[in-house]
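Student: quick one: sequence plus predicted model below, questions after.
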Amino acid sequence: MQLQWTIQQFDELNIRELYSILQLRIEVFIVEQQCHFFDTDDNDQKAWHLCAWNGAELIAYSRLFAPGIIYPEAAIGRVVNKRSVRGNGIGKELMKRSIDAVYQLFGRSPIKIGAQLYLKKFYETLGFTQVSDIYLEDRIQHIKMILL
């Protein structure tokens with residue numbers, strides 16, 4: 001699979017790209033994980049959008065934030081990949097590229113995430129450490145994690 005990686009601010013996304021992003025997030029977060037939440041949270045406009053494309057198909061995505069927007073630290077959120085590509089290392093590549101992009105865009109500083117608890121070990125392999133107790137978000141156990 002030959003992936004094309006793009007990173008854009010909200011106003012640089014075209015209609016098809018934005019539609020693909022929202023479609024993937026709905027497919028995974030709302031339908032697959034059965035989370036009924038308001039995904040369009042007015043933070044997309046403040047984010048950089050990292051996308052992995054296989055041709056015209058969006059297969060992986062994350063949002064990147066400068067420090068002070070979501071947390072005092074820089075942040076990565078809405079980390080998602082299509083079910084059909086899971087287990088192929090794309091999630092790890094997405095996170096590595098997300099971290100590198102945050103450093104390039106905002107400088108090398110701590111990065112904070114709100115992680116689903118079942119992914120704790122995955123994020124630990126990337127250097128993140130747990131910094132909060134478990135909390136419920138959309139009926140799913142989460143923890144805050146930080147990469148220093």
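Tutor: Yep, that arrived. Numbering: from 1, shown residues only.

Student: mind listing the strands for this structure?
Tutor: 4-9, 48-54, 57-65, 74-81, 111-116, 129-130, 135-137, 140-147 (DSSP state E).

Student: and the angle for the lengthiest helix in the chain with strand 57-65?
Tutor: Criterion DSSP state H: the longest helix present in the chain is helix 90-106. With axes from the mean of the first three to the mean of the last three CA atoms, to 10 degrees defining the directions, helix 90-106 sits at 40 degrees from strand 57-65.

Student: could you list the residues in contact with helix 90-106?
Tutor: Helix 90-106 is contacted from outside by 3, 5, 7, 48, 50, 52, 59-62, 64, 66-67, 74, 76, 79, 81, 111, 122-123, 125-126, 147, using CB atoms under 8 Å, 6 or more residues apart in numbering. (Glycine included, C-beta is placed from N, CA and C.)

Student: and it, average pLDDT?
Tutor: Helix 90-106 shows a mean pLDDT of 97.

Student: CA atoms only for it, dumped as CSV, please.
Tutor: C-alpha atoms of helix 90-106 as CSV (Å, rounded to 0.1, in the frame of the first residue of the first chain):
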residue,chain,number,x,y,z
ILE,A,90,-0.4,2.4,10.2
GLY,A,91,-1.6,3.5,13.6
LYS,A,92,2.0,3.7,14.9
GLU,A,93,3.1,5.4,11.8
LEU,A,94,0.3,7.9,12.1
MET,A,95,1.3,8.7,15.7
LYS,A,96,5.0,9.0,14.9
ARG,A,97,4.1,11.4,12.1
SER,A,98,1.8,13.3,14.3
ILE,A,99,4.5,13.7,17.0
ASP,A,100,7.0,14.8,14.4
ALA,A,101,4.5,17.3,12.9
VAL,A,102,3.7,18.8,16.3
TYR,A,103,7.5,19.3,16.9
GLN,A,104,7.9,20.9,13.4
LEU,A,105,4.9,23.2,13.7
PHE,A,106,5.0,24.2,17.3
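
Student: so that helix versus strand 4-9, what angle?
Tutor: Computed by the same axes, to 10 degrees, the angle between helix 90-106 and strand 4-9 is 40 degrees.
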